[in-house]
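Visitor: All I have is the shape, not the residue letters:
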């Protein structure tokens, strides 16, 4: 009996599988980098994190459970029940839809993320959970309060999907790409030849600034571009320097 998975099911579960595979790759790379040459923080600084890695894994799984429910509901909402399968649009249309989705997701996450810092109640009771990771690492990318995960990532993803008009098949690739980008931004490493660092100003070093006390009110943009930070004056540029004891450090720099 042949098992055929629909685009809707693939769009729901593939990004979750990608999350753990890609973050697992960074765990391996981190172990291979025993000297910490490419780490943004010495291993000893992980003691600053006030949540265990087991708690992080549990927290991410809770968020992904919400993500599955919303994704299935979303795909059910847009599903075409006719007998004729809707053809995929031309490649240029697909690429345009991906760009629109990126811009919409960036806009949603910037303003929601920034508001969670401005609103003292939301920061204390919701967003501060993510900032328990002062020294971010890859599989902690989606470690949030469930409400924040629902608002920023899950609903933000649903809005970008609907606004762009993409099909569930395109959604498989878009959400997988967004997942990889988010994991990469939290990986805590700057590896040579990293294509995300070449193509995006918003990367692991940029976001690491935000996780430090001095950068807490800057670099809200995620996961793709830094446009809203630049437009609204919350952009803190960085310079990447070698630490004397080895490894890398992202330090604030003049714009």
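Guide: Now that the structure is in, tell me what you want to look at. As the structure is a computational prediction, the values presented were derived from the model and not from experiment.

Visitor: Which residue ranges of the stretch 51-200 of the chain form helices?
Guide: Secondary structure of the stretch 51-200 of the chain, counting by DSSP state H, counting those that start in this stretch: helices at 53-78, 91-118, 120-125, 146-148, 156-164, 168-185, 195-199.

Visitor: who does the fourth one touch, helix- and strand-wise?
Guide: For helix 146-148, the elements it packs on are helix 53-78, judged by 3 or more CB pairs under 8 Å, 6 or more residues apart in numbering; DSSP states H and E. Backbone N, C-alpha and C define where each C-beta goes, glycine included.

Visitor: which residues touch residue 28?
Guide: Going by CB atoms under 8 Å, 6 or more residues apart in numbering, residue 28 touches no other residue.

Visitor: Test for you: state the pLDDT assigned to it.
Guide: Listed pLDDT for residue 28 reads 94.

Visitor: same deal with the one 3 residues further on?
Guide: If you check residue 31, the pLDDT there is 89.

Visitor: returning to what we had before: let me know which of the helices of the stretch 51-200 of the chain is the nearest to residue 47.
Guide: The closest of the helices of the stretch 51-200 of the chain to residue 47 is helix 53-78. By CB to CB, the value is 12.5 Å.

Visitor: and that closest one, which residues are buried?
Guide: 56, 59-60, 62-64, 66-67, 70-71, 74-75 (16 or more other CB atoms under 10 Å).

Visitor: Now tabulate the residues you listed in JSON lines and tack on distance to residue 14 and pLDDT.
Guide: Compiled in JSON lines, those are given as follows (distance: CB to CB, whole Å; pLDDT from 0 to 100):
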{"residue": "56", "distance to residue 14": "22", "pLDDT": "97"}
{"residue": "59", "distance to residue 14": "21", "pLDDT": "95"}
{"residue": "60", "distance to residue 14": "16", "pLDDT": "97"}
{"residue": "62", "distance to residue 14": "20", "pLDDT": "94"}
{"residue": "63", "distance to residue 14": "16", "pLDDT": "93"}
{"residue": "64", "distance to residue 14": "12", "pLDDT": "95"}
{"residue": "66", "distance to residue 14": "17", "pLDDT": "91"}
{"residue": "67", "distance to residue 14": "12", "pLDDT": "93"}
{"residue": "70", "distance to residue 14": "15", "pLDDT": "90"}
{"residue": "71", "distance to residue 14": "10", "pLDDT": "90"}
{"residue": "74", "distance to residue 14": "15", "pLDDT": "86"}
{"residue": "75", "distance to residue 14": "13", "pLDDT": "84"}
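
Visitor: residue closest to the middle of this protein?
Guide: Nearest to the geometric centre of the chain sits residue 182, at 2.2 Å (CA atoms, centre = their mean).

Visitor: From residue 136, how far off is that residue?
Guide: 11 Å (CB to CB, to the nearest Å).
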